[in-house]
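K.L.:
Here is my input; please provide its structure:
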Amino acid sequence: MASPTDTQESQPVAFEADLFWDLHKAKILGGIVALVLALAIYGGWQVTSHKRAEAANTALAAATTEDALRGVISSYSGSAAAGDAHVLLAGKLREEGKFDASSELLRDFSAKYPKHPMLAGASLSLAVNLDAQDKTEEALAAYEDVAVRFGSSYAAPIAALARATIFEKQGKIDEAKRAMEDMIAQYPESLYVQEAKSRLQGLRR
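P.N.:
Have a look, this model is predicted:
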């Protein structure tokens with residue numbers, strides 16, 4: 001049985017709680033509604049995003065022509081599939097000898113998809129385009145950029161060996177040797193090390 005003292009103490013507490021609710025219920029309810037709406041919007045976004053990604057992947061899988069790849073790029077901009085389409089289309093254009101168009105597409109890809117898993121390969125492809133066009137200084141800079149920015153990727157030793165090859169073609173044998181020696185030292189597990197060692201031996205003769 002509650003004592004008179006207990007009753008007296010509980011009444012102010014209950015009164016204060018009721019008063020607090022009356023004063024702040026609009027804000028509290030508004031906050032709850034906002035949270036529910038935010039969760040609903042996020043859930044809807046996730047569903048929509050997943051469906052869009054599936055549609056983009058399906059479109060990419062069916063894209064075998066230049067127009068189809070451009071369609072994926074424009075229709076699903078920002079998706080991983082659209083990024084893939086950039087790189088695939090750039091490869092097609094390079095095969096057709098359209099190096100400038102290919103390079104423009106690769107630069108656009110690099111700007112729009114800075115965290116895409118194919119970024120290292122795309123950067124290497126850009127360097128290859130420049131090399132094929134005999135834009136030697138630009139190619140050297142592009143290969144070096146790949147080796148520096150993507151040092152732990154498969155593209156780095158390829159870029160390093162390509163730089164050595166350019167020096168060799170230019171008759172800069174000492175620079176070619178150093179480039180190959182650096183490549184061998186930095187990427188001892190690379191599949192291209194054996195080729196680099198063989199060519200280095202030839203340069204030393």
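
K.L.:
Ends of stretch 160-180, what's the gap?
P.N.:
7 Å (CA to CA, to the nearest Å).

K.L.:
Other residues contacting that stretch?
P.N.:
Residues from elsewhere that reach stretch 160-180 (CB atoms under 8 Å, 6 or more residues apart in numbering): 127-128, 131, 136, 139-140, 143-144, 147, 182-183, 186-187, 192, 195-197, 199-200, 203-204. Every C-beta, even on glycine, is put in place using the N, C-alpha and C of the backbone.

K.L.:
buried subset of the residues you listed?
P.N.:
For the contacts of stretch 160-180, a burial check counting by 16 or more other CB atoms under 10 Å picks out 127-128, 131, 139-140, 143-144, 147, 183, 187, 192, 196, 199-200.

K.L.:
just curious, which of those is nearest to G91?
P.N.:
Closest approach between the buried ones among the contacts of stretch 160-180 and G91, by CB to CB: V128, at 10.1 Å.

K.L.:
Which pLDDT value goes with that closest one?
P.N.:
According to the prediction, V128 has pLDDT 95.

K.L.:
Give me the phi and psi for it.
P.N.:
Note on V128: backbone dihedrals following degrees, to the nearest 10 are phi -60, psi -40.

K.L.:
Next one: it from E95, what distance?
P.N.:
From V128 over to E95 the distance is 12 Å, taken as CB to CB, to the nearest Å.

K.L.:
can you check A81 too?
P.N.:
For A81, the distance to E95 (CB to CB) stands at 21 Å.

K.L.:
more neighbours, those two?
P.N.:
Remark: of A81 and E95, A81 carries more neighbours, 22 against 9, as counted by other CB atoms under 10 Å.

K.L.:
where's that one, which helix or strand?
P.N.:
Assigned by DSSP states H and E, A81 falls within helix 80-95.

K.L.:
So for that helix, what gets flagged as buried?
P.N.:
Neighbour-count burial for helix 80-95, counted by 16+ other CB under 10 Å, picks out 80-94.

K.L.:
Could you do stretch 54-71 as well?
P.N.:
Of all the residues in stretch 54-71, those buried under the rule 16+ other CB under 10 Å are 56-57, 59-60, 63, 69, 71.

K.L.:
for it, how far is the first residue from the last?
P.N.:
Terminal residues of stretch 54-71 are spaced 15 Å apart (CA to CA).

K.L.:
got it, and stretch 143-158?
P.N.:
End-to-end distance for stretch 143-158, by CA to CA: 9 Å.
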